[in-house]
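1. Sequence and predicted structure below; questions after.
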Amino acid sequence: MTRDTIFVPLGGGPGDEVSIKAAAALAPIYDADVDAVFYGRDDAALMMIAGDGFTGLGASALEGLRKGRAEAESKARELAKSVGVELQTTESARAYATARARLAALAVVESDAARGTGAMPDVFQSLLMEDGAPLFVPRGPVPPKCAAIAWDGSREAARALKAARPLLQHLERVVVMQSENHVDAKDIGFAEPSNAAEWIGKNGGKAEVRMLKRPLQSGRGLLDVAREEGADLLITGAFGHARLREAVFGGATRVFLDADAPSLLLAH
């Protein structure tokens, strides 16, 4: 019988332990194997960072970077081993990850990477925007007990909700939230929260609906309501508006990524 995979990139940073443990906790729920890959820079990238090649300061800097990469890989390997997973390493982690993440049921990415910082600053955007992987960002208990869904009827929100399907019957509560002023005209036909609540019920969950009438700015209101409901997971579409608008005005996705809690399950 075939099994899904849960993809988890590790970079040797402090967030790796949270990521690998979250992936291991989610694996039996998704009936999946954990696919852990080390994201270390290859020699070509290290040479560019070193600046002037293999001579003088460049050679010394390159050797230092290689040593740092080896130490980070060793740390990641030990963490993977602690949950019974064999760490994968390749000459081109980016190409490997692209193929694996596109086939995974879920990818688990540590919180710093989601903010664009830490040991893997480019990983989140690459997996989400280029590879189309649903992403789980652990920032609380895994598996979660209560989920809030930022529902606007968009294809991004629908993909995130579908990616959460295996979790639904393990959740004690599911709250479908909607802010009317965040629904795009093209999505109005399917934005009715009862559509999401009905689908959740058919897939083993118990959904409540909370309509938010007051104006909400940049997703902060949605985040506040999710916390009020005691949600330890927020399920949401990501970057549903034009990228230029997101870049200029920020947007709900950026608010969610910059927060410390709750955990996130996002899809683009």
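-> Now that the structure is in, tell me what you want to look at.

2. which ones are touching S179?
-> Taking C-beta atoms under 8 Å, 6 or more residues apart in numbering as the criterion, S179 is in contact with 150, 152, 212, 216, 221-222. Heads up, the C-betas are built off the backbone N, CA and C, glycines and all.

3. so where's the stretch 1-150 of the chain uncertain?
-> Flagging of the stretch 1-150 of the chain using pLDDT under 70 yields the residue ranges 1-2, 40-59, 61-62, 90-98.

4. follow-up on the earlier one: out of the contacts of S179, who's nearest R77?
-> A150 (36.7 Å; C-beta to C-beta).

5. for the closest one, what are its contacts?
-> Neighbouring residues of A150 by C-beta under 8 Å, 6+ apart: 157, 177-179, 182, 219, 222, 226, 234-237, 252.

6. please redo it, this time with the cut-off set to 6 Å
-> Neighbour list for A150: 177, 222, 236 [criterion: C-beta atoms under 6 Å, 6 or more residues apart in numbering].

7. Can you show me the strands along the stretch 151-268 of the chain?
-> Secondary structure of the stretch 151-268 of the chain by DSSP state E, counting those that start in this stretch: the strands cover 173-179, 207-212, 233-237, 263-267.

8. before we move on, the earlier item: of the contacts of A150, which is the nearest to Q125?
-> Nearest to Q125 among those, with distances taken as C-beta to C-beta, is T236, at 16.2 Å.

9. what's the closest non-adjacent residue to the closest one?
-> A150 (4.0 Å; C-beta to C-beta, 6 or more residues apart in numbering).

10. That neighbour and D112, how far apart?
-> Going from A150 to D112 by C-beta to C-beta, to the nearest Å gives 22 Å.

11. give the contact list for the residue lying closest to G201 once chain neighbours are set aside.
-> Setting aside the residues directly before and after it, G201 is nearest to A207 in space (C-beta to C-beta, 6+ apart), at 6.2 Å. By C-beta under 6 Å, 6+ apart, the contact set of A207 is 174, 176, 197, 200.

12. Who is A207 paired with across the strands?
-> Note on A207: beta-bridge partners by DSSP bridges are V174.

13. circling back to that earlier point, can you tell me which of the contacts of S179 are buried?
-> If you count burial by 16 or more other C-beta atoms under 10 Å, the buried members of the contacts of S179 come out as 150, 152, 212, 216, 221-222.

14. a markdown table please, covering the contacts of S179 and showing distance to P144.
-> A markdown table is the format used below for these (distance: C-beta to C-beta, whole Å):
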| residue | distance to P144 |
| --- | --- |
| A150 | 15 |
| D152 | 21 |
| L212 | 21 |
| L216 | 23 |
| G221 | 21 |
| L222 | 17 |
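
15. domains for the chain, by residue range?
-> In terms of domains, the chain is parsed into 4-136, 139-267 (source: automatic domain parsing).

16. quick check: longest helix of this protein.
-> Longest helix in the chain by number of residues (criterion: DSSP state H): helix 57-82.

17. list the helices and strands that one packs on?
-> Contacts defined by 3 or more C-beta pairs under 6 Å, 6 or more residues apart in numbering; DSSP states H and E place helix 57-82 against helix 16-30, strand 32-38, helix 43-50.

18. Pull out the buried residues from that helix.
-> Buried, per 16+ other C-beta under 10 Å, within helix 57-82: 61-62, 65, 69, 72-73, 75-77, 79-80.
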